[in-house]
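1. build me a model from this:
(chains A and B)
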Amino acid sequence: METIKALKEKQFSEQELNRSYLERINKLNPTLNAYLTVCEDVKGIPAGIKDIICTQNIKTTAGSKILSNFLPQYNATVIDKLSKQNIGIIGKTNLDEFAMGSSGENSAFGPTKNPWDLSKVPGGSSSGSAVAVSADLCTFALGTDTGGSIRQPASLCGVVGLKPSYGRVSRYGAIAMASSLDQIGPLTKSVADAGLVLEWISGGDGYDSNCKEIASPLCGFAMTSLRGVLATKQSIKGLKVGVPKEYFAASAGRQGKGLNKGVEKVIKEAILKLEELGAEIIEISLPHTEYAVAAYYLIMASEVSSNLARFDGIRFGQNRDHFGAEAKRRIMFGTFTLSSGYYEDYYVKAAKVRTLIKQDFHKAFNSASPASGGTSGVDVIVGPVSPTVAWSIGDKINDPLTMYLSDIYTISANLAGLPVLSIPCGFYDNLPVGLQITGKQWDEKTILSVGEIYESATGWHKHKPKLV
Amino acid sequence: MKLRTDQVKHVAKLANLPLTLKEGKKYSQQLSEILDYAKKLDKVNVEHIRPTFNVTDNKNVLAEDICQSSLTQKEALSSAPQKKNSMFVTKVMFEK
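-> Numbers count the residues shown, from 1 in each chain, chains lettered A, B, ... in the order given. As a prediction, the model looks like this:
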């Protein structure tokens, strides 16, 4: 938003803007590996686009050797929508191969590094997008989120990440991972920017049958932010903020590791801050939380095995032996769970658990019940994004199951199709921590309002990594 | 649930994924671990619960049956590793 204002006021020209960003990319990208392709001829306000989103005649690899030289013949809908707003593509950002991963280490083109500590992972799968925003290598970026892939890297890199409600943004042109879970969304330097980009990219196009033309509830939000009439006019007094007790229970997870104590402290402080700003904090229950990871991996891998069948090396791309290990693993897993004799016990069972998870959220948001803490329903639900801060590159790569468990807080919202915002809320061990704010389906307006009020009151988003 | 090597081979064939012997052993172990974890779902009572395959309420989203322009033949063939006479070259499906 500041950039739009500055350009209007002629503080600098678009060419100067892009030259400045390109210089910074040339200096820092060799170390960070955030961009796989850089577009030196960029025009307009520069954005980084996750390399799983098709950009006409700009190489799109999905982080995989299979598509190492693939040139899409059309733009994804979100790209066309952005270009109508004078947004240009400054580069395609690195990612875990076919969006499969939570660390950025599964890219066929080398891992991306966390700008806060180069020995640490940036999170994934939108690793490059999060780093590009964090290190000021673009004004904002687009990512995709199937199980947390926008929110988790945003959290680990100290930027804002938004997963819209499923069906808000058209998936046309996003290389499909799990079709009932995928959503494209923004990674930005502020909540207001996330709201603005969401306005730009939302809406049906006739190609994604799950994305209809939904009346934008954001008009008021984005416009008041642009005019600078901010949080002073809005308040969260009386807003009911639900905190799921299951998110803070000592986890019975693998190796007994649950929510890191340092992260827990930062999150609890953030929740206290919301209370200080006028919110009513209510303990709620989402009883099927512990089954979310298992249900997610079964559903996601099944859909992945189907979607990735198109990579046959005949119409485009290389042969299937060019898939990386994680992609092969998930295709195999999904093929097994959909196969005859196992389909009912695995895929359908997981889809039924998905219904229960969706119902958990519905009860917390809508009914007078123990689930909603005895109230008539909460307005938003908050919690951690990631159980830990960024870990060292190489730590989890040989243990897929431990890697999967790092998605524990983000996954449920994908299963339920709800909108979720991840915002910077502090540091532990000098590494960023993100707060997750989940809203009712289609209620991006409330989560963005809460996010912006918290952001204005704390300024965490203004912290930047110290880079050369 | 322990996946035997022959089961892994069968799945690899269904998935059209060429696997080496070493990969077969590695995936057999990793997939077995993941399946064991997935067994957690057996503890959930899903009686009378309908599965969710789509989280929107959309049903029967239809489009008018009208002609619209699409990719040109040249564009559609532009990424093909092998092409001949403006067509994709693929493996033989039927033997004479």
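2. tell me the spacing between the residue of chain A most remote from its centre and residue B:4.
-> Distance from the C-alpha centroid of chain A, by C-alpha atoms, centre = their mean, peaks at residue A:341 (34.8 Å). For residue A:341, the distance to residue B:4 equals 14 Å [C-beta to C-beta, to the nearest Å]. Heads up, the C-betas are built off the backbone N, CA and C, glycines and all.
3. now do residue A:414
-> From residue A:414 to residue B:4 the distance is 33 Å (C-beta to C-beta).
4. neighbour count for these two, which is higher?
-> residue A:414 (30 against 10; other C-beta atoms under 10 Å in any protein chain shown).
5. so which helix or strand takes in that one?
-> helix A:411-416 (DSSP states H and E).
6. quick check: next helix or strand after that helix?
-> Helix A:411-416 is succeeded, C-terminally, by strand A:420-428 (DSSP H and E).
7. for that next one, packing partners?
-> When contacts are defined as 3 or more C-beta pairs under 8 Å, 6 or more residues apart in numbering or on different chains; DSSP states H and E, strand A:420-428 packs onto helix A:151-157, strand A:160-163, helix A:191-201, helix A:261-276, strand A:431-439, helix A:444-458.
8. tell me who's in contact with residue 58.
-> If you meant another chain, say so; for now it's chain A. Contact analysis of residue A:58 by C-beta atoms under 8 Å, 6 or more residues apart in numbering or on different chains lists A:37, A:39, A:71, A:72, A:89, A:92.
9. could you do chain B instead?
-> A:167, A:209, A:210, A:212.
10. from those, which are also near chain B?
-> By C-beta under 8 Å from any C-beta of the partner chain, the members of the contacts of residue B:58 lying near chain B are A:167, A:209, A:210, A:212.
11. wait, is the first one part of a helix?
-> No - when DSSP: H, G, I helix; E, B strand; the rest coil is applied, residue A:167 is found to be coil, with no helix at that position.
12. I figured it was touching residue A:210, is that so?
-> Yes - look at residue A:167 against residue A:210 with C-beta atoms under 8 Å: they come within range, at 4.8 Å.
13. who has more neighbours, the two?
-> Taking neighbours as other C-beta under 10 Å, residue A:167 and residue A:210 compare with residue A:167 leading, 24 against 21.
14. state the pLDDT value of the more buried one.
-> On pLDDT, residue A:167 comes in at 93.
15. swap in residue B:94?
-> The model's pLDDT for residue B:94 equals 87.
16. so it is in which element?
-> Element membership for residue B:94 (DSSP H and E) is empty, with no helix or strand holding it.
17. that one and residue A:463, how far apart?
-> Distance of residue B:94 to residue A:463, given as C-beta to C-beta: 64 Å.
18. so which of the two has more stuff around it?
-> residue A:463 (13 against 4).
19. ok, now which ones touch the residue nearest to the more buried one when sequence neighbours are not counted?
-> Using C-beta to C-beta, 6 or more residues apart in numbering or on different chains and skipping residues adjacent in sequence, the residue nearest residue A:463 is residue A:158, 6.3 Å away. Contact analysis of residue A:158 by C-beta under 8 Å, 6+ apart lists A:116, A:134, A:424, A:427, A:432, A:434, A:460, A:461, A:463, A:465.
20. look at whichever residue of the stretch 151-300 of chain A sits closest to chain B and tell me its secondary structure.
-> Residue of the stretch 151-300 of chain A nearest chain B, by C-beta to the nearest C-beta: residue A:209 (3.9 Å). Under three-state DSSP, residue A:209 falls in the coil class.
21. how about residue A:55, phi and psi?
-> phi -130, psi 120 (degrees, to the nearest 10).
22. separation between it and chain B?
-> Taking C-beta to the nearest C-beta, to the nearest Å as the measure, residue A:55 falls 14 Å from chain B.
23. that residue against residue A:75, yeah?
-> Yes - the criterion here is C-beta under 8 Å, and residue A:55 meets it with residue A:75 at 6.1 Å.
24. in the sheet, who's paired with residue A:174?
-> residue A:53 (DSSP bridges).
25. count of neighbours near it?
-> Residue A:174, neighbours per other C-beta under 10 Å, totals 23.
26. contacts only, for it.
-> Contacts of residue A:174 by C-beta under 8 Å, 6+ apart are A:52, A:53, A:54, A:76, A:78, A:144, A:182, A:184.
27. again, but for residue B:10
-> Counting by C-beta under 8 Å, 6+ apart, residue B:10 has no contacts.
28. thinking again about what came up before, does the residue farthest from the centre of chain A belong to a helix, a strand or coil?
-> Going by three-state DSSP: residue A:341 is coil.
29. and it, how far from residue B:7?
-> Residue A:341 is 11 Å from residue B:7, by C-beta to C-beta.
30. and what of residue A:380?
-> 45 Å.
31. for these two, indicate the residue with more neighbours.
-> residue A:380 (26 against 16).
32. so that one sits against residue A:438, correct?
-> Yes - counting by C-beta under 8 Å, residue A:438 is a contact partner of residue A:380 at 6.4 Å.
33. joint contacts of these two?
-> residue A:447.
34. okay, and the common contacts of residue A:167 and residue A:210?
-> Joint contacts of residue A:167 and residue A:210 (C-beta under 8 Å, 6+ apart) are B:56, B:58.
35. and of the contacts of residue A:58, the nearest to chain B?
-> Closest to chain B, out of all of those and judged by C-beta to the nearest C-beta, is residue A:71, at 6.6 Å.
36. give me the nearest residue to the closest one, chain neighbours excluded.
-> Using C-beta to C-beta, 6+ apart, the closest residue to residue A:71 is residue A:57 (5.6 Å).
37. which residue ranges of chain B form helices?
-> With helices called from DSSP state H, chain B shows them at B:5-14, B:21-38, B:73-77.
38. quick revisit: I'd like the distance between the residue farthest from the centre of chain A and chain B.
-> Distance, residue A:341 to chain B, using C-beta to the nearest C-beta: 11 Å.
39. so what's residue 43 up against?
-> Picked chain A for this. Residue A:43 neighbours (C-beta under 8 Å, 6+ apart): A:14, A:18, A:88.
40. let me rephrase: I mean chain B.
-> residue A:291.
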